[in-house]
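*Asks:* coords please:
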Amino acid sequence: MRLRGDTSSVTAPGQFVNLRLEGRFLRRPISVCDWEERELTLIYKVLGKGTEEMSRYGAGKTLDLLTGLGNGFSLTESGPSPLLIGGGVGIPPLYGLAKRLLAEGKRPRAVLGFNTAEEVFYEEEFRALGCETILATADGSRGIRGFVTDALPEEYSYYYTCGPEAMLRAVFRASKGSGQLSFERRMGCGFGACMGCSCETLTGYKRICREGPVLRKEELLWED
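*Replies:* So this is what the prediction gives:
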């Protein structure tokens, strides 16, 4: 979905929007895949009635969005050769991140994980940027058989990851060095008022929609 409008509040890859659907109480949080001066690109998977309704929207539809939510990824710690690790619908925000890292002269590589070959998307877009791109599928129908943790290269300066929490935990345990993890959570307000998406960290409770969705590896309570 490509939307035109004011994108000035989007300042970092990994931020998200909260989209209002007519007749539905809660907004839908969707990560920003990419943005330009007057355009946002959103990629989503049809999972329920809300996203199914979105899939029927056509050109000229006006949407109500809260934009520039969350803290996004920080590029300052990336080093020269960062690794981007994405699973399924966690992949889109890594595309915008890859573009910004390349603009800073970094050499990012991407490991993209899917269940089957039929689910693969944005592989060619990452390659077109100039990123070395490694695919993993759970059933082995494309790329490396297994999960993203089975496809991690030996050397990288830092890592960024986004995907289901089970994948994030696996990456946390298998990865070397420091990194940033972007979480997916159900949200109420999307801007920190309701506390519904809070999680406990080493420095206290943090709201995924406000202090997140990106947290640093060193903040998490998970054990290696």
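
*Asks:* quick one: pLDDT of Asp224?
*Replies:* pLDDT, the model's per-residue confidence, is 61 for Asp224.

*Asks:* Likewise for Phe121?
*Replies:* 95.

*Asks:* Counting neighbours, what do you get for it?
*Replies:* 15 (other Cβ atoms under 10 Å). Any C-beta I mention is one placed from the backbone N, CA and C, and that applies to glycine too.

*Asks:* where do the strands sit along the protein?
*Replies:* 2-4, 16-20, 28-35, 39-42, 64-69, 83-87, 109-114, 132-137, 144-145, 159-162, 179-182, 198-201, 204-207, 214-216 (DSSP state E).

*Asks:* mind checking which of the ones you listed is nearest Gly58?
*Replies:* strand 2-4 (12.0 Å; Cβ to Cβ).

*Asks:* Run me through the strand neighbours of the closest one, direction for each.
*Replies:* strand 39-42 (antiparallel) (DSSP bridges).

*Asks:* then the partner strand to CSV, C-alphas only?
*Replies:* Extracted in CSV, the C-alpha atoms of strand 39-42 (Å, rounded to 0.1, in the frame of the first residue of the first chain):
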residue,chain,number,x,y,z
GLU,A,39,4.9,9.0,0.3
LEU,A,40,4.7,6.1,2.7
THR,A,41,5.0,2.4,1.6
LEU,A,42,3.3,-0.1,3.9
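
*Asks:* Name the residues of it that are buried.
*Replies:* Buried residues in strand 39-42, counting neighbours by 16 or more other Cβ atoms under 10 Å, are found at 40, 42.

*Asks:* What of stretch 49-57?
*Replies:* Within stretch 49-57, the residues that count as buried by 16+ other Cβ under 10 Å are 50, 54.

*Asks:* Over it, what's the mean pLDDT, rounded is fine.
*Replies:* 90.

*Asks:* That stretch: how far from the chain's middle?
*Replies:* Mean C-alpha position of stretch 49-57 versus that of the full chain (Cα atoms, centre = their mean, to the nearest Å) differs by 20 Å.

*Asks:* could you dump it to CSV, C-alpha only?
*Replies:* This file holds the C-alpha atoms of stretch 49-57, laid out as CSV (Å, rounded to 0.1, in the frame of the first residue of the first chain):
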residue,chain,number,x,y,z
LYS,A,49,-11.2,-9.0,8.8
GLY,A,50,-9.4,-5.7,9.3
THR,A,51,-6.5,-6.4,6.9
GLU,A,52,-8.9,-8.2,4.5
GLU,A,53,-10.9,-4.9,4.4
MET,A,54,-7.6,-3.0,3.8
SER,A,55,-6.8,-5.2,0.8
ARG,A,56,-9.9,-3.9,-1.0
TYR,A,57,-8.9,-0.3,-0.7
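
*Asks:* Report the contact partners of Phe73.
*Replies:* 12-14, 93, 97, 160, 180, 182, 214 (Cβ atoms under 8 Å, 6 or more residues apart in numbering).

*Asks:* Which strands and helices lie in contact with the longest helix seen in the chain?
*Replies:* If you go by DSSP state H, the chain has its longest helix at helix 92-103. The helices and strands touching helix 92-103, judged by 3 or more Cβ pairs under 8 Å, 6 or more residues apart in numbering; DSSP states H and E, are strand 28-35, strand 83-87, helix 123-129, strand 159-162.

*Asks:* Parallel or antiparallel, which strands does the second one pair with?
*Replies:* Strand 83-87 pairs in its sheet with strand 109-114 (parallel), strand 159-162 (parallel), by DSSP bridges.

*Asks:* Need those in CSV (columns: distance to Thr67, mean pLDDT and mean neighbour count).
*Replies:* Below are these laid out as CSV (distance: least, Cβ to Cβ, whole Å; pLDDT from 0 to 100; neighbours: other Cβ atoms under 10 Å):
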stretch, distance to Thr67, mean pLDDT, mean neighbour count
strand 109-114, 25, 98, 26
strand 159-162, 18, 98, 27
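
*Asks:* This completes my enquiry, with thanks.
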